[in-house]
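# What follows is a predicted structure for the sequence shown.
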Amino acid sequence: MDDSLLSPRTCLVDDLGSLLTTNLYSDVVFIVEGQRVPAHRCILAARSSYFRDLIADAGAEVKLDNVRHAIFLAILRYLYTARLDVDPRLALEIVVSADRFKLADMKTHCFGKIEETFDETNVCEIMSLADQHGADSLKTACMRYILDHYTTVTKSEGFRNLNKDLILEIVRSR
């Protein structure tokens with residue numbers, strides 16, 4: 001595509017995204033699952049208070065535990081481009097990490113991806129995670145799905161594994 005036809009915002013987003021793939025001028029390296037992930041302090045600091053605080057006094061390398069490499073790459077891509085192009089099946093794991101990294105807007109984007117995957121076998125697990133992470137809009141969407149598919153959902157293993165408070169909430173909402 002001719003670059004002259006792209007909007008300035010699209011060009012900027014694409015250019016920032018290319019920094020991730022080229023590692024041009026990277027000045028911090030995250031170690032995630034033993035793999036090196038170069039990044040740029042100024043972008044991270046501008047986009048995330050969590051990362052701004054994390055890298056403020058950090059050296060050239062920062063080790064991150066409790067996040068998978070693929071998930072961290074998706075988070076960085078989002079921080080650089082505000083785009084979330086991930087498999088919906090990874091969205092739940094991204095929500096957990098986005099919550100940890102205090103990325104509320106990323107969590108919101110993930111919720112839409114997650115809603116696309118609702119079915120009778122997973123909606124209860126998703127509702128439980130939404131409840132744990134204060135994702136009220138996602139929890140409400142789960143509740144609507146469960147009530148619309150009540151007979152099949154309540155026979156699922158996921159329903160049997162819900163905590164009692166959520167089961168009561170579902171039954172009372174009926």
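Great, that's in hand.

# Please, where are all the helices along the protein?
According to DSSP state H, the chain carries its helices in the segments 8-22, 41-47, 49-56, 69-81, 88-100, 104-115, 123-132, 136-148, 150-153, 157-160, 164-173.

# quick one: which of these is nearest residue 62?
Residue 62 lies closest to helix 49-56 among the helices of the chain, at 6.4 Å (CB to CB). The C-beta positions use only the backbone N, C-alpha and C, and glycine is treated the same way.

# residue contacts, the most centrally placed residue in the chain?
The centroid of the chain falls nearest to residue 94 when counting by CA atoms, centre = their mean (3.1 Å). The neighbours of residue 94, taking CB atoms under 8 Å, 6 or more residues apart in numbering as the test, are 71, 74, 75, 84, 86, 106, 110.

# Let's see the pLDDT reported for the spatially closest residue to residue 98 that is not a sequence neighbour.
Nearest in space to residue 98, with sequence neighbours left out and distances taken as CB to CB, 6 or more residues apart in numbering, is residue 106 at 4.2 Å. The per-residue pLDDT reported for residue 106 equals 92.

# can you check residue 50 too?
The model's pLDDT for residue 50 equals 95.

# Would you agree it is in contact with residue 104?
No - under the criterion of CB atoms under 8 Å, residue 50 makes no contact with residue 104, lying 10.7 Å away.

# When those two are compared, which one has more neighbours?
Taking other CB atoms under 10 Å, residue 50 and residue 104 do not tie; residue 50 has more neighbours (14 against 10).

# Next, the contact list for that one, please.
Contacts of residue 50 were listed using CB under 8 Å, 6+ apart, and they are 101, 102, 103.
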